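A.B. asks: model the following, please.
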Amino acid sequence: MRRSLIFSFAKTISRSFFRKPATLMYPQKDRKYYSITRGRIFNDIERCIFCGLCEKKCPTHAITVFKETREYELRNLQCITCGACVEVCPPKCLSMEINYSVSVSERHEGVYYYKQSEKKKETVESE
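C.D. replies: Have a look, this model is predicted:
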C-alpha cells in the first residue's frame, strides 16, 4: 500500500516537471478577457431615465434607484452579474463590462453611487 502510494506520487511529480504551469503567471502576464465574460455592471448615468425596472428585475436586490434625487446605487458585492438589469433597461444605459471590479476589504467599499449631473436633471424636469 505504502509503496504504491509513493510510486503514484513520484509519477505525478515527474509529469509536472515537463508540463507548463496550470495557472496564469499574474501579474507578469495579462489576463485575456473573452467577449462573453460577465465582469461587472456599469451605468451611464447621463442616459438613465430612473424608471426603476432594473431595481425590480434584480434577483438579489443589489440595485436601488432614487427617482427624486436622480441617484443610483449598485451594491457590487451583492450583484451576481446575471445581466437581468441590462436586458430590461429601456434606454440601454446599463452595460456589462468584461473586466472585473476591484477587490475591497470593507463591505461599504463595494457600493457604487451614481448621481446624474444637475444640467441633465434640469433638462429632464423641464420636459
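
A.B. asks: drop to CA atoms for contacts and neighbour counts, all remaining ones
C.D. replies: Noted.

A.B. asks: quick one: neighbours of Val65, just the number.
C.D. replies: By other CA atoms under 10 Å, 19 other residues sit near Val65.

A.B. asks: sec struct for it, please.
C.D. replies: Using DSSP: H, G, I helix; E, B strand; the rest coil, the structure places Val65 in strand.

A.B. asks: that one reaches Arg75, doesn't it?
C.D. replies: No - Val65 lies out of contact with Arg75 (CA atoms under 8 Å); the separation is 11.6 Å.

A.B. asks: so what's Leu74 scoring on pLDDT?
C.D. replies: Looking at Leu74, its pLDDT reads 93.

A.B. asks: one more: Lys11?
C.D. replies: Lys11 is assigned 82 on the pLDDT scale.

A.B. asks: got it, and the one 5 residues further on?
C.D. replies: Per-residue confidence at Ser16 stands at 79 (pLDDT).

A.B. asks: list the buried residues in the strand or helix carrying it.
C.D. replies: Assigned by DSSP states H and E, Ser16 belongs to helix 2-17. Within helix 2-17, no residue counts as buried by 16 or more other CA atoms under 10 Å.

A.B. asks: that helix: how far from the chain's middle?
C.D. replies: Its chain's average C-alpha position is 41 Å from that of helix 2-17, according to CA atoms, centre = their mean, to the nearest Å.

A.B. asks: tell me where this protein has helices.
C.D. replies: With DSSP state H, the ranges of helices along the chain come out as 2-17, 53-57, 84-88, 118-126.

A.B. asks: which of those sits closest to Tyr100?
C.D. replies: Closest to Tyr100 of the helices of the chain, according to CA to CA: helix 84-88, at 16.3 Å.

A.B. asks: lowest-pLDDT helix or strand in the protein?
C.D. replies: Least confident helix or strand of the chain, by mean pLDDT, DSSP states H and E, is helix 118-126 with a mean of 54.

A.B. asks: list the beta-bridge partners for the spatially most central residue of the chain.
C.D. replies: By CA atoms, centre = their mean, the chain has its centre lying nearest to Arg40, at 1.9 Å. Counting by DSSP bridges, Arg40 forms beta bridges with Glu97.

A.B. asks: residue contacts, it?
C.D. replies: The neighbours of Arg40, taking CA atoms under 8 Å, 6 or more residues apart in numbering as the test, are Asn76, Thr81, Met96, Glu97, Ile98, Asn99, Tyr100, Ser101.
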